[in-house]
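> what follows is a predicted structure for the sequence shown.
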Amino acid sequence: MSTGIELVAIKTLGGDQPNGVKDNPRQRPIVIIGTGDYGRSFAGRLVKTGFKVVIGSRCPERSRPNVPEGDVFVTSVADAISRGHIVILAVPRHAYSDLAQLRGELAGKIVVDVSNKEKLDKEKSNAEYLSEEILDKSLVVKGFNVVSAWSLESGLVGGSKEVPICSDNKEARSEVIQLAKDMGLAPLDYGCLRAARDVEAIPLRLLPGWRFAIKILFALMAVMSLYVLFQGPLYMYVTQGITKDVQHFPGKGMNRVLAWLALTLLTLVYFPGIIAAFRQLAYGTKYQRFPDWLDTWLKSRKQLGLLALLIASLHACFSACLMSPEYYYHMYELGPVIEGRQFYGLMFWRGELLIFTGGLALALMSVLGVTSVPSVQNGMNWREFAFVQSKLGFFCLFVSTGHCIVYGSTGFTKGYLYVWYTPPPFLLAMLLPCLVILLKFLLLSPCVNTRLMRIRRGWESKPKANPV
Amino acid sequence: MSTGIELVAIKTLGGDQPNGVKDNPRQRPIVIIGTGDYGRSFAGRLVKTGFKVVIGSRCPERSRPNVPEGDVFVTSVADAISRGHIVILAVPRHAYSDLAQLRGELAGKIVVDVSNKEKLDKEKSNAEYLSEEILDKSLVVKGFNVVSAWSLESGLVGGSKEVPICSDNKEARSEVIQLAKDMGLAPLDYGCLRAARDVEAIPLRLLPGWRFAIKILFALMAVMSLYVLFQGPLYMYVTQGITKDVQHFPGKGMNRVLAWLALTLLTLVYFPGIIAAFRQLAYGTKYQRFPDWLDTWLKSRKQLGLLALLIASLHACFSACLMSPEYYYHMYELGPVIEGRQFYGLMFWRGELLIFTGGLALALMSVLGVTSVPSVQNGMNWREFAFVQSKLGFFCLFVSTGHCIVYGSTGFTKGYLYVWYTPPPFLLAMLLPCLVILLKFLLLSPCVNTRLMRIRRGWESKPKANPV
Amino acid sequence: MSTGIELVAIKTLGGDQPNGVKDNPRQRPIVIIGTGDYGRSFAGRLVKTGFKVVIGSRCPERSRPNVPEGDVFVTSVADAISRGHIVILAVPRHAYSDLAQLRGELAGKIVVDVSNKEKLDKEKSNAEYLSEEILDKSLVVKGFNVVSAWSLESGLVGGSKEVPICSDNKEARSEVIQLAKDMGLAPLDYGCLRAARDVEAIPLRLLPGWRFAIKILFALMAVMSLYVLFQGPLYMYVTQGITKDVQHFPGKGMNRVLAWLALTLLTLVYFPGIIAAFRQLAYGTKYQRFPDWLDTWLKSRKQLGLLALLIASLHACFSACLMSPEYYYHMYELGPVIEGRQFYGLMFWRGELLIFTGGLALALMSVLGVTSVPSVQNGMNWREFAFVQSKLGFFCLFVSTGHCIVYGSTGFTKGYLYVWYTPPPFLLAMLLPCLVILLKFLLLSPCVNTRLMRIRRGWESKPKANPV
């Protein structure tokens, strides 16, 4: 009943190509129950990779799959099952109950549950429900649920997709794993059917890797917006009763928030690495696990960096639109005063340097962003990735901080910016990055660095923890 | 003569590694005829993946492949053929006639045709021509033609490439399929040699998936440009004989066209989905195939979205360059009037809100764009993809429409914009998106939504069409 | 001792699934020595893909790998080795000496060296050192060193990673190749252990493909910056003693450099192809190898193009920020003169055309950039790629040159721009692209083109070099 048996069969028949069994497995068709989108796509994919398919349908006459007739044969469900050994169950869970009557036909067959849940719940998985309550004598295998009908049809351009597969029956599992391989997928053995709960949870995940970074983004954005509102329009209203300033928040104010936010996010990409380094120095080992918060933070660096790039690009758009003496008069050379109105000329060096540093920082950040595209990353070795992400990245942080300092340099001494004894945003903005840069240089100092490198190479202050 | 035979051979010799045959198939070299770029690259790839190669060349002495000498042996064509079982034919079609004289040597061998046509024609494929008119007793297999010499050499970084393979001889086909697998490619079984016509057509395709979207783009662009010309310069010329307005078309006028175009393209991404939903509601089933026009449209949404992003970015560049009171005076606060010339101050809230909404929309669109990079997409499960592309995407459409309304809000009441009884562009621009948003909210209304969800889960109003 | 033997074993036991041996190889656990990050990740990956793992540790009690207990068993090093046939050595080179005492236990086993060097040196590879000086009777295999612990854990989303594997023992090599395949990697056979030197050099590479392009970038940038400084501030200082002009270098001056640089880089993408074509025409064959400098240049076109895109985007940012009559007065219509100060109105056609051509060029360049993302490229066939990169790309060069000419068109006749008998930058900038475009059109002329096409199809003026 397994490909192995077929192998033997062929051998006895003097068949001269056992590999053929795997590459050209037409001896036994794969059975698919269900003519929905998924069933059709699955059938199409199977045919494409050289299988024969039998589709079981309630109403064979009216279901015509979009695949070459020769390789696909549509018949009644019971008949279909009788023709194959592996049965792909492409029906929604609520239709499982109808399968009870097929218990007999499905006994001893490998039944592959490809279904997904509609929302996470504490109940048992579809596969367990199928195996325990509907089909008692079948070899139920969970798999393929992470692959969408769409990616089955589109032929998975851009890299093989990983497919977790689990079952309580080893042979059934390995046969389905082989099937997945033959379909050009990358199966992963998840062990017993109990694991189906995790497997069914995968497609219900919603960007878990982004949670942390996005929370940080919105929290910072809220705080910074309030601070800018407070330091600007609110102050003007309370002290001078001027209300019209609030209308400059969506552009001028928001641009301040974006600049501050982008710089802070970028800093948060390099901060955790420095904390980790000091921690390793303190404990004198790298085998000490990090606390969860630091671990999460370290794992979210890529996401924080990409958000920093997004915000920085926005900041660039805003600045390019608003860049005029009316908005940034302190960056422009004074021109003539006509009828009491001050006119301006070109920018003076501060303004131009501001554009220069800003542009450079944005360019560097874009490079960092591009290299975090999975397929670009795959083409780089670890050293190249580390060079771009840490060396280039840190230089980018350095330039961005410079950008902020150049901007602020006109205002440090202007007392009227320190309203209500609070510093202007640009001053707050540059504190954290300056701290991080300082710590980084501390780590790069020879004495500290050599010790850190030794620790990173596996050396430990208390040698009993040595790996081998 | 097949790996199978070799397997047996090894077994009898007490060989302890049948898998070895597949992983370490040095027993029989692969023969390559032709020392062109493709032949060399193919040889290099074979050697890299652990094969021995014999290259057949007319002038063995002067053809030196760029691969380690040990694994490659260059000899005369006839001699090369005699040394192997699988023969890769890396010569252009016009050289096939020379092969007739080798008919004898090639009899019974697996001859792999890797050639491509230079243009689509109705004639039979190269492989069929080779099999029927040149070599009568060889097992001709079509394959590898979709892989370029370049990607063979560069080692296909970024994901396995799918390689259609077809032949009238099953064993030959499955051996070549195995060869492709061993080379790190993803072979697809295309069945009989007749399919070679399709296989040879694949490399001649020119962006079929983009046709629809690009036609739409240029059609809309033409219409909108004419309308803007008509409403602006043409009107000025006809009514007041002013000709100089046309010189503001490349910048000011074009920017209007781009804004209108970007918004319309983005709307066209979400329109077909809504049409499909209403269609499903009307027919009460999701198993009813869509008409071709709708199907094409649905399949082109990604392309439409990427074009929308491109145009929107252009619009942002244009706007950033032109953003000044001279161009968008109605967005700026009035300043002093000096010698009859009106001067301006900061933008008022409309202008800043315009920048805010525009920036936000562009940022959202870029996120949508990035997530449609294949390798990024592969890292997302269906739910994440749906969340970004539909939820985030629709929010983006919402913001973009807001951006357009904010811009227009100053002009609705200005009668002089309605020249020749035609509405100004921004008014036309916001009609379609507003309609789509309206319909979307209709679909989201509880009663409609629940019914739609049931249909999407496979429920049907006329149950006879139920899949299982 | 090999999977082959196990196969036999199963057979005698009436086992009915030889494939199972490969897919479900739980019969013999894989041994991992070392509980560092790499050892843990490797173990995790193995378990994920269905293997049993035994980890050998100096202090088994305190090393707990982050994988399901059932599949991983941690024990003493000696004991671990005794339990398996394949031993993964996940310890740093400096710990090899400790292994000498295990020479006996490791005799006859397959020992996989996954280590990396810390810097390139002329000495023998770690694997050779291990094989020759530490373990004399083991089958040492080099492999997996190019895969990082991180990518083993993250599950290599975005495409299978190529893993070079080499060993002096064929069987050992092919078993490890099989192991790599089962782990979802793409093994490459690098032959004998001597190749370990190259294999260990791979992860130490630092962007070799970018060297050429980046050197060109910085060289051109330096020269152009000096020229712009010389033609601008230096001239003003020497002739009129004005020093303040230098403060307009970071913005106004740099923007000139960026524009010039972007256009030149883009031209350098298309120049080598034209040189190669003329060379082929001259030699009358395509089988003549190119000189190294041309080969390197041709191989660096993609990198040059991406740098051109980066610089062009920067130029766009700078221009958008500086676009105002104060900076580009010659692009604006004259407005009133008030108290001796010239005011300006809208741009006239030159200015708007400048924005139009610039925007178009940047949009085209971005399309070129996106299509060079590996995973996007994988989805395109050769013809599509050629169409985008050569047709679209050349059109982009054409538009960019137009952009430059439009900009310069106001200045050609202005004698005062030719200071010190040197032409203004924009004039130098347009020379090279104009030359390239001219040569391209020459190549496209029927007579030349037909001959070139024939040569590219393999035809040769001296037929003795014919491939077959």
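Received, thanks. As the structure is a prediction and not an experimental result, all values here were calculated from the model.
> so which bits of stretch A:404-413 are buried?
Residues of stretch A:404-413 classed as buried by neighbour count (16 or more other C-beta atoms under 10 Å in any protein chain shown): A:404-408, A:410. (Each C-beta comes from the backbone N, C-alpha and C, glycine too.)
> narrow those to those in strands?
Judged by DSSP state E, strands contain none of those.
> which among these gets closest to chain C?
Using C-beta to the nearest C-beta, A:V406 is the member of the buried residues of stretch A:404-413 that lies nearest chain C, at 9.7 Å.
> are we agreed that A:S131 is in a strand?
No: assessed by DSSP: H, G, I helix; E, B strand; the rest coil, A:S131 does not belong to a strand; its assignment is helix.
> any idea how far it lies from chain B?
According to C-beta to the nearest C-beta, to the nearest Å, A:S131 stands 18 Å off from chain B.
> quick check: pLDDT value at A:Q17.
Looking at A:Q17, its pLDDT reads 36.
> does chain C have contacts with the helix or strand harbouring A:L263?
Secondary structure from DSSP states H and E places A:L263 in helix A:254-283. No: counting by C-beta under 8 Å from any C-beta of the partner chain, no contacts exist between helix A:254-283 and chain C, the nearest distance being 12.6 Å.
> ok, A:E326 - contacts?
B:344-346 (C-beta atoms under 8 Å, 6 or more residues apart in numbering or on different chains).
> repeat the analysis, applying 10 Å as the threshold.
Residues in contact with A:E326, defined by C-beta atoms under 10 Å, 6 or more residues apart in numbering or on different chains, are A:252, A:332, A:344, B:324-325, B:332-333, B:335, B:343-347.
> out of the residues you listed, which are buried?
Counted by 16+ other C-beta under 10 Å, the contacts of A:E326 give A:252, A:332, A:344, B:324-325, B:332-333, B:343-344, B:346-347 as buried.
> got CSV for those residues, with distance to B:D292 and pLDDT too?
As requested, the buried ones among the contacts of A:E326 are arranged in CSV below (distance: C-beta to C-beta, whole Å; pLDDT from 0 to 100):
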residue, distance to B:D292, pLDDT
A:K252, 51, 93
A:Y332, 59, 93
A:Y344, 60, 93
B:S324, 48, 92
B:P325, 51, 92
B:Y332, 50, 93
B:E333, 54, 91
B:F343, 58, 93
B:Y344, 53, 93
B:L346, 53, 92
B:M347, 48, 91
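> of these, which belong to strands?
If you go by DSSP E, those have A:332, A:344, B:332-333, B:343-344, B:346-347 in strands.
> filtering the residues you listed by proximity to chain C, which remain?
With C-beta under 10 Å from any C-beta of the partner chain as the criterion, those include A:332, A:344, B:343 near chain C.
> of those, closest to B:L193?
Using C-beta to C-beta, A:Y332 comes nearest to B:L193 of those, at 74.1 Å.
> identify the bridge partners of the nearest residue to that closest one once chain neighbours are set aside.
Leaving aside its chain neighbours, A:Y332 sits nearest to A:Y344 (3.9 Å; criterion: C-beta to C-beta, 6 or more residues apart in numbering or on different chains). Note on A:Y344: beta-bridge partners by DSSP bridges are A:L334.
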